[in-house]
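> structure for this input, please:
(chains A, B, C and D)
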2 protein chains.
Amino acid sequence: MTTVVTMMASGRRAETRLRLFGAAVELIAEQGYTATTVDAIAERAGVAKGTVFYNFGTKEALFSGLLEHGVGLLSTALSGAAAGETALDALDAVVMAQLRFFEEYGAFARVLLAEMWRTAWQDAVARLRRDVLGVYADVLRRAVAEGAVRGDLDVETAATAVFGMVLTVAIERRALHPDRPIERVHATLVDLLHGRVTG
Amino acid sequence: MTTVVTMMASGRRAETRLRLFGAAVELIAEQGYTATTVDAIAERAGVAKGTVFYNFGTKEALFSGLLEHGVGLLSTALSGAAAGETALDALDAVVMAQLRFFEEYGAFARVLLAEMWRTAWQDAVARLRRDVLGVYADVLRRAVAEGAVRGDLDVETAATAVFGMVLTVAIERRALHPDRPIERVHATLVDLLHGRVTG
DNA sequence: TTTTTTGTACTGACCAGTCAGTTTTAAAAG
DNA sequence: CTTTTAAAACTGACTGGTCAGTACAAAAAA
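Numbers count the residues shown, from 1 in each chain, chains lettered A, B, ... in the order given. Model prediction:
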């Protein structure tokens, strides 16, 4: 049972909410948002259907909350890793943090990738761009300032590219090569980024 | 109206099928598979609902056919670009071909990204891995043979990484920076891959 | 003549959301 | 410590609507 949830303000209600997030993220990862019924979420969470609506009001609000929560965790994980001697060390560390995060919360990775583009969740997506892609952009800008990277690098595009690359690889690895050590995947990606592959 | 469809064996029936693919890919890109109704697809295609079932039998079969069709076009586009003096030239060309393909068929890119992970479409996904990721893997292997790339490169992971990177960037560009020239995006990605960014 | 499409009407399953009633919790009163 | 009280949390049967798929007769195309 891998869930996006770990800890949060305690209390009966908060606990129920987290159980619902956990059930929802797994089911939505497998079936997609629309195909996942509130009944199924409630059943997996071990609560009555009415409880879902008592806590969130609508199915959409439940999903919105789930996205917010997950993006928050991801953002925390990445920015926590962004420290480092040089900007390039920091970049490696952020890539590793993203790989580890999706290793633990693989269901959330798939939900993100699948549902990120729907207009219904603009708020969570905006936050993803600001707080998650922003970490990559900051690190890259720092690298520019340190002179480790060409000054005319298109930082926005590069940040998206790295994030998408890691996300795709993390999902593919979980689906097809779960035994492959995450360190090996990290090494491949880091080599790609540092030009130790070609030339 | 951007559709995945371009040309195919002519005939009334084939034409109807392609119109349905075109309508379906747009709607599914916006709303997702489950949320898209057969009624809506038929209406946008300008066809009676019964015609959908006459041609495909089920909604799932329509979508399966759409995926097959799109993956076939993508595979053709990429392998057609994989020629080139050196393997690294070929890699650049394949990246460009993928960017161009998703520029033209942006709706299909989003459908791929969103629905690729559901177990229901294993066949199309297997073909994607074989025929599309395979093009990247081949080019990278060729680069290894030419000595342009380290011999111990994890070709599979690298191929997935590059494909995912380009896919993510292509979608993000269409959504957020439609005016940004595709050549500039290509230059950023190619620089990343050739180590002209760091060091 | 055969194949394909149309339009309308129908069905049966499924599902988000509601609501009246029940249980739990915690605190105040005795 | 026990009882009372009221709010908060939870329950599950029910409802109204939606949708994939069917049926079919008539029309259009090949």
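> from now on I want contacts and neighbour counts done on CA atoms only, so please keep to that.
Noted.
> give me phi/psi at the residue of chain A at minimum distance from DNA strand D?
DNA strand D sits closest to residue A:50 of chain A, with a gap of 3.1 Å, by C-alpha to the nearest atom of the strand. The phi/psi pair for residue A:50 (degrees, to the nearest 10) reads phi -60, psi -30.
> ok, now residue A:48?
Residue A:48 adopts backbone torsions of phi -80, psi 150, taken as degrees, to the nearest 10.
> residues near residue A:176, how many?
9 (other C-alpha atoms under 10 Å in any protein chain shown).
> just residue A:20 next, same as before
Using other C-alpha under 10 Å, residue A:20 is surrounded by 28 other residues.
> distance of the residue of chain A closest to DNA strand D from DNA strand C?
Applying C-alpha to the nearest atom of the strand, to the nearest Å, the value for residue A:50 to DNA strand C is 4 Å.
> tell me the pLDDT at that residue?
With respect to pLDDT, residue A:50 scores 98.
> tell me who's in contact with it.
The contact partners of residue A:50, by C-alpha atoms under 8 Å, 6 or more residues apart in numbering or on different chains, come to none.
> gap between residue A:51 and residue B:186?
Per C-alpha to C-alpha, to the nearest Å, residue A:51 is found 49 Å from residue B:186.
> who's more crowded, the two?
Under the neighbour definition other C-alpha under 10 Å, residue A:51 and residue B:186 were set side by side, and residue B:186 has more, 23 against 15.
> could you confirm whether stretch A:116-136 reaches chain B?
Yes. Stretch A:116-136 reaches chain B (C-alpha under 8 Å from any C-alpha of the partner chain) through A:117, A:118, A:119.
> filter those down to the ones close to DNA strand D.
On the criterion C-alpha under 7 Å from any atom of the strand, none of the entries of the residues of stretch A:116-136 next to chain B sits beside DNA strand D.
> narrow the residues you listed to those that are buried.
Neighbour-count burial (16 or more other C-alpha atoms under 10 Å in any protein chain shown) applied to the residues of stretch A:116-136 next to chain B gives residue A:117.
> return the member of the residues of stretch A:116-136 next to chain B nearest to residue A:91.
Among these, residue A:117 lies closest to residue A:91 (C-alpha to C-alpha), at 25.6 Å.
> just to be sure, the closest one is in a helix?
No. Counting by DSSP: H, G, I helix; E, B strand; the rest coil, residue A:117 is not part of a helix but coil.
> check contacts around residue A:100.
Residue A:100 is in contact with residue A:182, counting by C-alpha under 8 Å, 6+ apart.
> helix, strand or coil for it?
Each residue gets one of three states, and residue A:100 gets helix by three-state DSSP.
> could you do residue A:84 as well?
coil.
> tell me the pLDDT of it.
Per-residue pLDDT puts residue A:84 at 91.
> same question, residue A:4
Here, the pLDDT recorded for residue A:4 equals 42.
> thinking again about what came up before, closest to chain B among the residues of stretch A:116-136 next to chain B?
residue A:118 (6.5 Å; C-alpha to the nearest C-alpha).
> residues in contact with the closest one?
The contact partners of residue A:118, by C-alpha under 8 Å, 6+ apart, come to B:30, B:31.
> what residues does chain A put near DNA strand D?
Contact residues, chain A versus DNA strand D (C-alpha under 7 Å from any atom of the strand): A:12, A:13, A:16, A:46, A:47, A:48, A:49, A:50, A:51, A:54, A:55.
> determine which two of these are furthest apart.
The two members of those with the most space between them (C-alpha to C-alpha) are A:12 and A:49, at 16.7 Å.
> more neighbours: the two, which one.
Between residue A:12 and residue A:49, counted using other C-alpha under 10 Å, the more crowded position is residue A:49 (15 against 8).
> hmm, the more buried one is touching residue A:38, no?
Yes. At 6.8 Å, residue A:49 and residue A:38 qualify as touching, with contact defined as C-alpha atoms under 8 Å.
> wait, residue A:154 touches residue B:186, no?
No. Residue A:154 is beyond contact range of residue B:186, at 10.8 Å (criterion: C-alpha under 8 Å).
> and the nearest residue to residue A:58 once chain neighbours are set aside, what element?
Among residues not flanking residue A:58 along the chain, residue A:52 sits closest, at 7.9 Å (C-alpha to C-alpha, 6 or more residues apart in numbering or on different chains). If you go by DSSP states H and E, residue A:52 is part of helix A:49-56.
> quick one, helices of chain A?
For chain A, the helices defined by DSSP state H occupy A:12-31, A:38-45, A:49-56, A:59-81, A:87-104, A:106-115, A:122-127, A:134-145, A:155-176, A:182-193.
> so which of the ones you listed is nearest residue B:101?
Closest of the helices of chain A to residue B:101 is helix A:155-176, at 17.3 Å (criterion: C-alpha to C-alpha).
> DNA strand C contacts on chain A?
So far as C-alpha under 7 Å from any atom of the strand goes, chain A lies against DNA strand C at A:34-39, A:49-50, A:53-54, A:57-60.
> and the furthest pair within the residues you listed?
The largest separation in those, counting by C-alpha to C-alpha, is between A:35 and A:54 at 21.5 Å.
> ok, residues contacting stretch A:184-192?
Applying C-alpha under 8 Å, 6+ apart, the contact partners of stretch A:184-192 are A:92, A:95-96, A:99, A:166, A:197, B:153-154, B:157-158, B:161, B:192-195.
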